[in-house]
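**Q** My questions concern the predicted model and sequence given below.
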Amino acid sequence: MNVIVIGASGYVGAELIGLLTQHNKISIQHLLVSENSTSSGKTFEQLHARWQGICAVPLHSFSPHWFDQHISSPEHNIDAVFFATPHEFSAQWAQAFIEQGIKVFDLSGGFRLKDASQYPVHYGFEHQSLKALQQAQYGLAEWQANEIAASDLIAVPGCYPTASLLSLKPITSNALHQENSLIVVNGISGVTGAGRKASLATSFCEVSLTPYNILQHRHQPEISQEANAEVIFNPHLAPYKRGLLVTITLQLKAEVTSKQVDEAFTQAYQDTPLVRIVNAWPKIDNVAHTPFADLHWQVDENKHVVVVSCAIDNLLKGAASQAIQCANISLGLPSEYSLLMPGRDL
Ligand SMILES: NC(=O)C1=CN([C@@H]2O[C@H](COP(=O)(O)OP(=O)(O)OC[C@H]3O[C@@H](n4cnc5c(N)ncnc54)[C@H](OP(=O)(O)O)[C@@H]3O)[C@@H](O)[C@H]2O)C=CC1
Ligand SMILES: CC(=O)N[C@@H](CCC(=O)OP(=O)(O)O)C(=O)O
């Protein structure tokens, strides 16, 4: 698979490129940034020294001219593009790549919400690619492999939604929860979740554990849509670099037993190497810098309540490694290919 990564100077782009360099079925053809990027002309290893000696591909500026020069002719040799870019940019450009026969893996939120009217509210722009939006397939790898394999436009889930949906779907897809009851998702993320752009809110001396965007975060509709159940989402920013944890409280139907809950989770994740059911409450340190999601739950049958917690690396299972899982599925490979043992057949 010959690929392009747009957004190569960002945190997600860097992790994605790092994974691509170790994938023996995927070949990086171009690494791109914005037209006025200060990173244009630098090599990937100059920008992200972690990959010194691994990837010296130069970063170039993406523009309509670049697209015309490299993509518009049918002779292009590109099979797929990864958008590790702002939401509006992905929403603007995905259709043009699809029309050239190029598969799109969008790591932004540009194609995750099915209802176009939600974009002005939650993303601040009117969606212009309604045809692509309808065509887009949500890419929660452990739950939608068949749909991902059949689609040319994959909306890779966000970091909080990934951890939340891995926790919720075994319950809601088996209708074990009390209909119309309160489902509260508390999430905590490290600062890399905000991206590489410097801002006062994420500068070293300013960051402290705090809730943010309460009752108005754009992940609330994404989680509700994909869980098929309305949630309340309370994100928190914490003073560490990477890793994300959600703890979810939801009411079970009165007749549901803890055995049914256990069966729902073991059924969902018995054959998913990257989602681990762990015997203690998950810890960020056990998943940071890995493609894993660690899950644990506890049921109180008297209160008819289950508490589920899931920890992931926001840049990996919450973005880049899940995008690789989606690409693997598109290639007909096991979703975990190259993620457990880099570059080798499983
Ligand atoms: N951080 C996280 O934990 C997660 C982020 N995401 C999503 O992934 C995407 C990238 O996030 P992240 O890496 O954190 O963000 P960063 O701000 O770190 O990186 C954004 C990247 O997009 C590039 N870019 C910006 N505008 C354009 C443009 N017009 N044309 C081409 N490239 C452009 C930037 O290049 P430059 O500035 O050099 O021009 C940079 O490489 C976002 O949509 C984010 O919401 C999804 C899941 C998790
Ligand atoms: C700490 C922090 O700021 N996190 C980001 C989530 C990053 C992310 O997951 O972006 P997507 O929406 O593309 O998934 C936020 O809350 O907006």
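**A** Arrived safely. Ligands and ions are numbered 1, 2, ... in the order given.
**Q** and the helix or strand where residue 119 lies, does that touch ligand 1?
**A** Residue 119 is part of helix 118-122, with elements assigned from DSSP states H and E. No: shown here: helix 118-122 not in contact with ligand 1 (C-beta under 6 Å from any ligand atom), separated by at least 12.0 Å. Quick note: C-beta positions are derived from backbone N, CA and C, even for glycine.
**Q** in this protein, what residue is nearest ligand 2?
**A** The chain approaches ligand 2 most closely through residue 158 (2.4 Å), counting by C-beta to the nearest ligand atom.
**Q** what number of residues lie near the closest residue to that residue other than its chain neighbours?
**A** The shortest distance from residue 158 to any non-neighbouring residue, by C-beta to C-beta, 6 or more residues apart in numbering, is to residue 219 (5.5 Å). The local packing of residue 219 (other C-beta atoms under 10 Å) involves 23 other residues.
**Q** Would you mind measuring from residue 219 to ligand 1?
**A** From residue 219 over to ligand 1 the distance is 10 Å, taken as C-beta to the nearest ligand atom, to the nearest Å.
**Q** go on, residue 248?
**A** 19 Å.
**Q** just residue 26 next, same as before
**A** Remark: distance between residue 26 and ligand 1 (C-beta to the nearest ligand atom) = 19 Å.
**Q** what sits against the closest residue to residue 112 other than its chain neighbours?
**A** Once its chain neighbours are removed from consideration, residue 112 has its nearest residue in residue 155; the separation is 4.4 Å (C-beta to C-beta, 6+ apart). Listed by C-beta atoms under 8 Å, 6 or more residues apart in numbering, the contact set of residue 155 reads 106, 109-112, 136-139.
**Q** Contact partners for residue 191?
**A** Per C-beta under 8 Å, 6+ apart, neighbours of residue 191: 202, 207, 237-241.
**Q** With secondary structure and neighbour count added, can I get these in TSV?
**A** Written out in TSV, the entries for the contacts of residue 191 read as follows (DSSP: H, G, I helix; E, B strand; the rest coil; neighbours: other C-beta atoms under 10 Å):
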residue	secondary structure	neighbour count
202	helix	17
207	coil	17
237	strand	21
238	coil	18
239	coil	13
240	coil	16
241	coil	13
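**Q** Surely residue 56 and residue 42 touch.
**A** No: here residue 56 does not reach residue 42: they are 10.3 Å apart, not a contact under C-beta atoms under 8 Å.
**Q** If you count surrounding residues, which of the two has more?
**A** Comparing residue 56 with residue 42 by neighbour count (other C-beta under 10 Å), the higher total belongs to residue 42, at 17 against 11.
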